[in-house]
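Asker: Kindly return the folded structure for what I paste below:
(one chain, ligands or ions: 1)
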Amino acid sequence: MTKTILRALAGETLPTPPIWMMRQAGRYLPEYKATRAEAGDFLSLCYNPELATEVTLQPIRRYGFDAAILFADILLVPQALGADLWFVTGEGPRLSTITTQADFDKLKPLADIHETLNPVYETVRILSRELPSETTLIGFAGAPWTVATYMIAGRGTPDQGPAHALREESNALFEALLDRITEATIDYLLMQIEAGAEVVKIFDSWAGSLKGDDFRKYALEPARKITAALKAKHPSIPVIGFPREAGDGYIGFAKATGVDCVALDNSVSPEWAAANVQVDGCVQGNLASRHMVTGGQELVDETRAIVKAFSNGPHIFNLGHGITPDADPENVQLMIDTVRNG
Ligand code: 1CP
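Answerer: You can find the predicted model right below:
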């Protein structure tokens, strides 16, 4: 029996959509907090294959999601390329910045990234042995634009201002950086697939700030390049694209990039997305994460409305973005029960 997520990704309309959740291993779970404390800090957890496996499995044991997503972070690629990376408690990631040719020239050659990333491949290998037979293993990476926004600014930014400034003022350097990240991402995802990832997802969390021709050049084109390179070696491995807050950019995204599924954020209505995006194939999404905090009848009604809107085509149920640390684990169970039992 083929796994439900793989059936949806192959274009099958299922009576009940399979379900997993962005950031399903995370700080809303007490068992995650305990393992993270054992690891010491977040990056030590990412690079410890046994503990990273443990936190990946925690939401599978608790809820029986249809997919597990590798526990790692999109910022491991910059670190593997030679950027300094650390996390400031309560604030988020910090990186050494890349704003000049001299900064760029200090990046490591592609062949050297695996030195840093080997523990991640080991996590994937352990997971592919330990996961229940019905659970799909999803690998992932950040999309080049989103990763570049962190490498240029040295931190998360509300409007990606520093990355847009470099794009305008030193376009050749900006494009060279995007190309380097694209190549590293291809190698990184190929290694995850060879270690046992059955699906890969490309997170373009900041795609929404690219407009017009910039969206085409810096969101669509890198996703197309990565997908083509993966498919050339592993044609049967499905790719999920997530150009978050792309709005009208969701229309035609799958055709333009070759991805098998488009993940939707909750700024688009499911009815609109069914008519404009699901017509081209599988979609994933798109319940607002706040329902995992607020719960109640509103959660149930909204979950039912999303399932119904996407019921005439291939659909994987998910949130529109990651679950937040203040979420109530019981609301996650209520969402799952509503999806599975109507
Ligand atoms: O304190 C902690 O334990 C760290 C919180 C945390 C977690 C649980 C971070 C720091 N990263 C992660 C794991 C993670 N990150 C996963 C694991 C799999 C899962 O369960 O989903 C994945 C897929 C990511 C991807 C990721 N990291 C993205 C893309 C998706 C998204 O949320 O938009 C981004 C933008 C990051 C960067 C990052 N890492 C961590 C934080 C707090 C951030 C966001 C920084 C910012 O505010 O800009």
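Asker: Quick check: residue 211 vs the ligand, distance?
Answerer: 19 Å (CB to the nearest ligand atom, to the nearest Å). C-beta coordinates here come from the backbone N, C-alpha and C atoms, glycine included.
Asker: Quick check: closest non-adjacent residue to the closest residue to the ligand within the chain.
Answerer: Of the chain, the residue with the smallest distance to the ligand, taken as CB to the nearest ligand atom, is residue 156 at 2.2 Å. Leaving aside its sequence neighbours, residue 156 sits nearest to residue 92 (CB to CB, 6 or more residues apart in numbering; 5.3 Å).
Asker: how many other residues sit next to that neighbour?
Answerer: A count of nearby residues for residue 92, using other CB atoms under 10 Å, gives 11.
Asker: isn't it right up against residue 155?
Answerer: Yes: counting by CB atoms under 8 Å, residue 92 touches residue 155, with 6.7 Å between them.
Asker: any idea which helix or strand carries residue 286?
Answerer: Using DSSP states H and E, the element containing residue 286 is strand 282-287.
Asker: So what are the sheet partners of that strand and their directions?
Answerer: strand 261-263 (parallel), strand 315-319 (parallel) (DSSP bridges).
Asker: Near the ligand, which residues of the stretch 151-300 of the chain are found?
Answerer: Counting by CB under 6 Å from any ligand atom, the stretch 151-300 of the chain comes close to the ligand at 156, 203, 205.
Asker: May I have the residues that are in contact with the first one?
Answerer: Shown in contact with residue 156 (CB atoms under 8 Å, 6 or more residues apart in numbering): 92-93, 149-150.
Asker: quick one: it from residue 69, how far?
Answerer: 20 Å (CB to CB, to the nearest Å).
Asker: What degree of burial does the closest residue to residue 132 other than its chain neighbours show, as a neighbour count?
Answerer: Once flanking residues are discounted, residue 132 sits nearest to residue 60: 6.9 Å by CB to CB, 6+ apart. Neighbourhood size, residue 60 [other CB under 10 Å]: 20.
Asker: Give me the pLDDT value at residue 60.
Answerer: Looking at residue 60, its pLDDT reads 98.
Asker: State the helix or strand in which it lies.
Answerer: Following DSSP H and E, one finds residue 60 within helix 49-63.
Asker: Sheet-wise, list the partners of the helix or strand just after that helix with their directions.
Answerer: Sequence order places strand 67-69 as the next helix or strand after helix 49-63, per DSSP H and E. Counting by DSSP bridges, the strands paired with strand 67-69 are strand 136-142 (parallel).
Asker: any idea how far the partner strand is from the chain center?
Answerer: Distance of strand 136-142 from its chain centroid, counting by CA atoms, centre = their mean, to the nearest Å, is 7 Å.
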